[in-house]
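Engineer: Provided below for reference: sequence and predicted model.
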Amino acid sequence: MSDILRKGDIGQAVADLQADLRRAGYAVARTSIYDDGTRDAVATLQAAAGLVVDGVYGPKSRAALANFDVSRMLRESDLIAAAERLGVPLASIKAVNEVESRGHGFLADGRPVILFERHVFWRQLAAHGVDPTRHAERPAILNRQRGGYAGGAAEYVRLASAMQIHAAAAQESASWGSFQVMGYHWNALGFADIESFVATQHRSEGDQLATFTAFVLADTALHRALKARKWAQFARLYNGPAYAENLYDTKLARAYARFAGETLEAAT
């Protein structure tokens, strides 16, 4: 079955989903078309599990349908709380979550998703009073240039190697969770120390979203762009100058329009 199924998809994977939904008690026809009825059934499943309600069937909805534990996954209530804290429509937060998050905050083994940045480690070591040139023979984890990524769980191998040099600087040099907030922001985001920041990222995707919310609140320009729905400016500030190449602003605008339309439709 495909990882993600949404309205308009057709084929055997959709037929299998419809059969699974029917076995779970949802009244959907097996048409092999991801139609309104299928979307509504998935949305009902998501709401019942407390997950983000978007009518899109992915790994989290699949886990809910299989009655697996989804307590650490992002919940609709988390998005509502973030929207209220930021003073923006729920559709804005759902758009940002869809486009800017990785879609999941944890690896299969339960650890938060991370990406270790060797060029940041060089800087953070210096900030902690450690001369990075003393460890320059380890370019995979310590380098003036970005790169050296291993991906997935292998990023923890790189992190562990860096922690042998300086634990705090290493953790500050990784981005954490669904929204990949860099660890070195811990002080600006109100955490007591980097260890508290990391512990929070381990708790749940809701905690990772709360960290992202604090990150937006700490950046006046970023927060202002989100409130005004100036998607190009928000994407530039959050993603850097490459945002246009990846069409982040266009994706955000389209996602917002879709979620805002669903909100209006649900209210009528």
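Structural biologist: Noted; the coordinates are in hand.

Engineer: for residue 215, give me its contacts.
Structural biologist: 179, 181, 185, 189, 222 (Cβ atoms under 8 Å, 6 or more residues apart in numbering). Just so you know, the C-beta spots here come from the backbone N, C-alpha and C atoms, and that holds for glycine as well.

Engineer: so which bits of whatever helix or strand residue 210 lives in are buried?
Structural biologist: Of the helices and strands defined by DSSP states H and E, residue 210 is found in helix 205-218. By neighbour count with 16 or more other Cβ atoms under 10 Å, helix 205-218 contains the buried residues 205, 206, 207, 208, 209, 210, 211, 212, 213, 214, 215, 216.

Engineer: what's downstream of that helix, the next helix or strand?
Structural biologist: helix 220-228.

Engineer: now for the helix or strand harbouring residue 61, which elements pack on it?
Structural biologist: If you go by DSSP H and E, residue 61 is part of helix 59-65. Helix 59-65 is packed against helix 36-49, with contacts defined by 3 or more Cβ pairs under 8 Å, 6 or more residues apart in numbering; DSSP states H and E.

Engineer: neighbouring contacts of the helix it packs on?
Structural biologist: With Cβ under 8 Å, 6+ apart as the criterion, helix 36-49 contacts 6-7, 14, 17-18, 21, 24, 26-29, 31, 52-57, 61, 64-65, 70, 76.

Engineer: kindly recompute the last result at 6 Å.
Structural biologist: The contact list for helix 36-49, computed with Cβ atoms under 6 Å, 6 or more residues apart in numbering, reads 7, 21, 26, 28, 53, 55, 57, 61, 64, 70.

Engineer: need the helix or strand of this structure with the lowest average pLDDT.
Structural biologist: Ranked by mean pLDDT, DSSP states H and E, the helix or strand of the chain with the weakest confidence is helix 248-267, at a mean of 80.

Engineer: report the buried members of the contacts of residue 215.
Structural biologist: Buried subset of the contacts of residue 215 (neighbour count, 16+ other Cβ under 10 Å): 179, 181, 185, 189, 222.

Engineer: just those now: which is nearest residue 128?
Structural biologist: Of all these, residue 128 sits closest to residue 185, with 15.7 Å by Cβ to Cβ.

Engineer: just the pLDDT for the closest one.
Structural biologist: Confidence at residue 185, expressed as pLDDT, is 97.

Engineer: now residue 13: how far from residue 57?
Structural biologist: Remark: distance between residue 13 and residue 57 (Cβ to Cβ, to the nearest Å) = 9 Å.

Engineer: follow-up on the earlier one: from the contacts of helix 36-49, which is closest to residue 120?
Structural biologist: Closest to residue 120, out of all of those and judged by Cβ to Cβ, is residue 70, at 32.6 Å.

Engineer: check contacts around that closest one.
Structural biologist: 49, 63, 64.

Engineer: just the ones of the buried ones among the contacts of residue 215 in helices?
Structural biologist: Of these, the ones assigned to helices by DSSP state H are residue 222.
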